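**Q** The following comprises the amino acid sequence and a computationally predicted model.
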Amino acid sequence: MSGPFPINFLHFGWIDAADVLLVTILLYQLYKLLRGSVALNVALGLVSIYLLYLVVKATGMELLTKILGQFMSVGVLASIILFQQEIRRFLLSVGKATALERVRGWKWGRPATATPLSVGPFVEAAKSLSNKFTGALICFAQASDLTPYAESGDRLDAEISKRLLLSIFNKTSPLHDGAVIVANGRIQAARCILPVSENPDVPASLGLRHRAAIGLSEVTDAVVLVVSEETGAMSLVYRGEVYRNLATSELRNRLNEWLLSSGTGRPAASSSSSVGVKAA
Ligand SMILES: Nc1ncnc2c1ncn2[C@@H]1O[C@H](COP(=O)(O)OP(=O)(O)OP(=O)(O)O)[C@@H](O)[C@H]1O
């Protein structure tokens, strides 16, 4: 077989070139997925052991080959267990926030993004909660489906109002723990559990509430509003980046900008308020 790059004994055809290109893209996507998390170090450790195994096998060191061989034979299963979160994240990003959602939107003749949302009640509620140092966590769905997270909490399917938001996050309310999920112009659920970010670069000053917001923004295109119980600070989290200590006007502007955009575009360049904990 003669290919575009004949190298004497090696026949390198177009299929091989496409194969190498696809593997490169796959590896790059995997690297992007693991970058910034401890999983990257674990993956590098596994690759190193595999390379060592190949070397000792080639040099004929029988005992070490057997030991490493045993280790490698359980490697696939061990990898699935070790990387279950990353595999889930990968499948989610492939299946949800990409072509499928766009095709669905095209099919029904409307954009795949949520119904245009009035951000007023959220901004007003956040301001009020911030003044009273009451913590809050509100996730705005865009193209990614947040149903699995909504199902972890209590279903509400309620009309959006400042009063309802204040009632939910009131410290004596049975619904105040966890996150509220907003989709299709309604408050879909409260008390929802979000995936916690494992990014080691997240500043220690940010607690679990913020880590959960970052975690969701790493695996979906949701915009997350956080009010800190400790400081009263209002922050937005989008695509793995945190925009901290926002003034009311800035909160309103950013929410309007991100929620009314296509849902797939990236936010404008990070301002000084971003802590740059991007991990996607
Ligand atoms: N995985 C999660 N999913 C949803 N909500 C969570 C999750 N983890 C924590 N929370 C929310 O965060 C609250 C406690 O978080 P913690 O006090 O650590 O947050 P914090 O960010 O340090 O506080 P602050 O509000 O001052 O920023 C919980 O009561 C819960 O409401």
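**A** Arrived safely.
**Q** So the residue in the stretch 101-250 of the chain positioned nearest to the ligand versus residue 229, what's the distance?
**A** When scored by CB to the nearest ligand atom, the stretch 101-250 of the chain has residue 207 as its residue closest to the ligand, at 1.6 Å. All C-beta spots, glycine's among them, are computed from the backbone N, C-alpha and C. Distance, residue 207 to residue 229, using CB to CB, to the nearest Å: 9 Å.
**Q** ok so, going back, quick check: the residue of the stretch 101-250 of the chain closest to the ligand touching residue 233?
**A** No. At 11.8 Å, residue 207 does not count as touching residue 233 under the criterion of CB atoms under 8 Å.
**Q** what residues does this protein put near the ligand?
**A** 135, 137, 177-179, 193-194, 196, 206-210, 212, 228-230 (CB under 6 Å from any ligand atom).
**Q** Buried only: go through the residues you listed for me.
**A** Among those, those classed as buried by 16 or more other CB atoms under 10 Å are 135, 137, 178, 179, 194, 196, 206, 209, 210, 212, 228, 229.
**Q** And for residue 41, the neighbour number?
**A** 11 (other CB atoms under 10 Å).
**Q** mind checking how far it is from residue 159?
**A** For residue 41, the distance to residue 159 equals 47 Å [CB to CB].
**Q** Then residue 53?
**A** The gap separating residue 53 from residue 159 is 60 Å, by CB to CB.
**Q** okay, those two: which has more neighbours?
**A** With neighbours defined as other CB under 10 Å, residue 53 and residue 159 compare such that residue 53 has more, 18 against 10.
**Q** can you pull the contacts of the spatially closest residue to that one that is not a sequence neighbour?
**A** In space, and not counting its chain neighbours, residue 53 is closest to residue 68: 4.1 Å by CB to CB, 6 or more residues apart in numbering. By CB atoms under 8 Å, 6 or more residues apart in numbering, residue 68 lies in contact with 49, 52, 53, 56, 57.
**Q** Which phi and psi values does residue 68 adopt?
**A** phi -70, psi -30 (degrees, to the nearest 10).
**Q** for residue 154, same thing?
**A** According to degrees, to the nearest 10, residue 154 has phi -100, psi 120.
**Q** what sits against the residue nearest to it when sequence neighbours are not counted?
**A** Of all residues not flanking residue 154 in the chain, residue 191 sits nearest, at 4.9 Å (CB to CB, 6+ apart). Residue 191 sits next to 153, 154, 174, 175, 177, 178, 179 when contact means CB under 8 Å, 6+ apart.
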